[in-house]
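K.L.:
Return atomic coordinates for the entry below.
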Amino acid sequence: MTVSTITDVKVAVCVCTYNRSQWLTRLLTSLQNIDLSGLNPTAVEVIVVDNNPNRETEAICLRSAHRLPIPVHYVP
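P.N.:
Here you go, the predicted structure:
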């Protein structure tokens, strides 16, 4: 048996959205405040699934991808 350390953990924050761009902005902005010290930078990612694809939601994800220290993936 092996024991995993916190640096080995893979976390995906999955968000489904439908016409809620204002709440998505708030959520992604709040992720900027997460303390990731001690974690492998590739151990955390955000996946946004857009159940009503539109340019606004995609643009929010693209802007957040540049601000956040973790990957943001947009799935239309």
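
K.L.:
CA only for contacts and neighbour counts going forward, please
P.N.:
Fine.

K.L.:
ok now do the most centrally placed residue in the chain, which residues does it touch?
P.N.:
To find the centre residue of the chain, average its C-alpha atoms and take the closest one (C-alpha atoms, centre = their mean): that gives Val46, at 2.2 Å. Neighbouring residues of Val46 by C-alpha atoms under 8 Å, 6 or more residues apart in numbering: 12-15, 70-73.

K.L.:
Now do the same for Asn48: its pLDDT.
P.N.:
In this structure residue 48 is Val, not Asn. According to the per-residue confidence, Val48 scores 94 in pLDDT.

K.L.:
what do you get for the one 4 residues further on?
P.N.:
Asn52 is assigned a pLDDT of 90 by the prediction.

K.L.:
That one touches Tyr18, doesn't it?
P.N.:
Yes. Applying C-alpha atoms under 8 Å as the test, Asn52 and Tyr18 come out as touching, 5.4 Å apart.
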